[in-house]
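Participant: Can you look at this prediction? I've put the sequence above it.
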Amino acid sequence: MKILLIGSGGREHALAWKLAKNPENRIVSAPGSPALAALGETRPVQADDLEALKALAAEIRPDLVLIGPELPLVLGLADILRAEGFPVFGPSKSAARIEGSKVFAKDFMIRHNLPTASYAVFYDVEEAQDFLRHSSFPVVLKADGLAAGKGVVICGKLSAALNALSSLASTGAGKSVIIESFLTGEEISFFGITDGKTILPLPSAQDHKAVYDDDRGPNTGGMGAYAPAPMMTPALRDHVMRDIMIPAVNGLAVEGSPFCGLLYAGLMVSLSGAKLLEFNARFGDPETQALMPLIESDLAEILMAAATGDLAGRTIRISPGTAACVVFSAEGYPGPYRRGDPITGLDAANARPDTVVFEAGVGRSPESLPVTNGGRVLGVTATGRNLKEALSKAYLACGDISFKGSHYRRDIGAKAYRLNLMCDDDG
C-alpha cells in the first residue's frame, strides 16, 4: 500500500515506524524528516500548504492519506483530498472543529449531554476580568483556537488568572476564551479509531504536560506518556465508550459532520467517573509513541478500513504489555529554545532491547550527524511486561543520550506508583 503521511514530528515517526513493519507498505512523508527519510520517501511540502499537498497527491496517487498534525485538519485538507477521490484517515474541516474550537467543543458537549465541567465563554477581556473577580479558585482558562498544547492554564488565584487571560487574549488562538471550573482527579487520554459509525478503542494513556517533575512549570506539548493507563479499568472503559465516545461520534454524524479518523478524548477521572476536558481530532503526541509499539494488527489495514467506512466487524490486536515514552526537550523549551546542538548516543539507545528513539525535532549537520532542531527533540520509548519494566528500559536508554542543555522529566509514570496502580512484576 502506498501511504502519504502528512507531518514531520515524533508522532509521524512513530506512525511511519509502525506502518513500515509491513514491508509491502510504501511511505511518502510530507514534509518528513531525516528519520522519516530512513523509512521511505520524503517530499519538502509543508503540512499546511493545502494546494501543494493536493498536487503531491495527484502526482503520487496514494492508496491512503494519513494526516498527522491538527492544523491541516482544521484547515480542511481532508476535504480537499477526499474531493479528489483519495481515501483519507482524518476528519473533515467541519468535524475537526471538535479540536479547532474549544468553544464549539464545549457547546457540543452540552448539546449531547456529555459529562464536562461548567464553563463560560468570553469575547471581551473586560467582561472576563470581571467574571474572574467574582470567581472561586482554582479555575481553568482555555484559548478557543489551536495553541500547540499550550492554550490551557490552571490558575490558583486571581492575579495568576488575570495574567493568563492577558497572555491568552494577545494570541490568535485566544480571541475568545473559556473560563472553566477546575476538576480534580487523574488525567487520562482515551483514543478511538472511527469511520463515523464504528469505534475501535485503543489503549488509554497518561500524558505529562508540565515541563518539570511533579507537574511543575508551564505546560508543554507533552513531556512523556505511558500506555495503557492502569486507572482505565474495564468498567471505566465501558463507561467512557457508552457515555462519551459513542454519543460524540453519533452526535457529530447527526449534526452533519461525521468523524472519520482518530477521536481523542482528554478525560479527568475520579471516583465519580470520567469527565471530558477536551477532544482532539488526531493521534496524540507523545501518546502515539507509546501506543504504536503495543499494536499488533496491521495498522495500515485498520486505517484504510476507517477511511473507507469499513470498520464494522473488525478488531485490533493489542500487546498485553506496557510502553513508556520519555521526551527529551531542548534548552529553553517551552519558551525560545536552542537549535543545532550535536546529539550523541542515539545508536546506543536504539540498540537496547525493546527500545526505539522517535525523532521529533532532529535535523542533520552538514556532516549528516544528528542535531537538535525543535523544542521537543526525542521520544525515548520502551516496552515491557509492565510499567515498571518499560520505564526502567526507557530511562536506561535516556542515559545513553546527550546534547547541550538537554532536559527530560525523571518522574514519568510516578502517578501510577503514587496511586498504587502499578501492576506487579508478574504483570
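Facilitator: Cool, got the structure. Residues are numbered from 1 along each chain as shown.
Participant: Wait, G68 touches G10, no?
Facilitator: No. If you go by CB atoms under 8 Å, G68 and G10 don't touch, sitting 9.9 Å apart. (C-beta placed from N, C-alpha, C; glycine too.)
Participant: any idea how far I412 is from D215?
Facilitator: Here D215 is placed at a distance of 12 Å from I412 (CB to CB, to the nearest Å).
Participant: Apologies, that question was intended for V28.
Facilitator: Distance of V28 to I412, computed by CB to CB: 33 Å.
Participant: Over to V125?
Facilitator: 37 Å.
Participant: cool, A164 as well?
Facilitator: 26 Å.
Participant: Which one's more surrounded, the two?
Facilitator: Set side by side, A164 and I412 give different neighbour counts by other CB atoms under 10 Å, the larger being at I412 (29 against 22).
Participant: Tell me who's in contact with that one.
Facilitator: 208, 223-226, 324-326, 391, 394 (CB atoms under 8 Å, 6 or more residues apart in numbering).
Participant: cool, and L391?
Facilitator: Contacts of L391 by CB under 8 Å, 6+ apart are 226, 324, 382, 384, 412-413.
Participant: Go through the contacts of I412 and name the one nearest L15.
Facilitator: Closest approach to L15 among these (CB to CB): C325, at 13.7 Å.
Participant: That closest one against H208, yeah?
Facilitator: No. If you go by CB under 8 Å, C325 and H208 don't touch, sitting 9.6 Å apart.
Participant: Between the two, which contacts overlap?
Facilitator: Contact criterion CB under 8 Å, 6+ apart; residues shared by C325 and H208: 224-225, 412.
Participant: of all these, which comes closest to K106?
Facilitator: Nearest to K106, judged by CB to CB, of those is A225 at 24.6 Å.
Participant: So that closest one lies in a strand, does it not?
Facilitator: Yes. Assessed with DSSP: H, G, I helix; E, B strand; the rest coil, A225 lies in a strand.
Participant: residue contacts, it?
Facilitator: 189, 205-208, 284, 286-287, 289-290, 324-325, 412.
Participant: where does the stretch 151-300 of the chain dip in pLDDT?
Facilitator: 173-174 (pLDDT under 70).
Participant: before we move on, back to that, have a look at C325 and H208 and say which one is more surrounded.
Facilitator: Each of C325 and H208 has its neighbours counted (other CB under 10 Å); C325 has more, 35 against 25.
Participant: Where does that one sit: helix, strand or coil?
Facilitator: In three-state terms, and counting by three-state DSSP, C325 is strand.
Participant: Tell me the bridge partners for it.
Facilitator: Listed by DSSP bridges, the beta-bridge partners for C325 are A225, T381.
Participant: In the stretch 101-250 of the chain, mark out all the strands, start to finish.
Facilitator: For the stretch 101-250 of the chain, strands defined by DSSP state E, counting those that start in this stretch occupy the ranges 119-122, 139-143, 152-155, 177-181, 186-194, 199-201, 206-207, 210-212, 216-219, 224-227.
Participant: do the same with the stretch 251-400 of the chain
Facilitator: Along the stretch 251-400 of the chain, the stretches classed as strands by DSSP E, counting those that start in this stretch are 261-270, 273-280, 322-329, 355-359, 362-364, 370-372, 376-384.
Participant: Make JSON lines from those strands and add distance to A14 to it.
Facilitator: Compiled in JSON lines, the strands of the stretch 251-400 of the chain are given as follows (distance: least, CB to CB, whole Å):
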{"stretch": "strand 261-270", "distance to A14": "13"}
{"stretch": "strand 273-280", "distance to A14": "16"}
{"stretch": "strand 322-329", "distance to A14": "9"}
{"stretch": "strand 355-359", "distance to A14": "5"}
{"stretch": "strand 362-364", "distance to A14": "14"}
{"stretch": "strand 370-372", "distance to A14": "17"}
{"stretch": "strand 376-384", "distance to A14": "7"}
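Participant: Please identify the most buried of those strands.
Facilitator: strand 322-329 (a mean of 29; mean count of other CB atoms under 10 Å).
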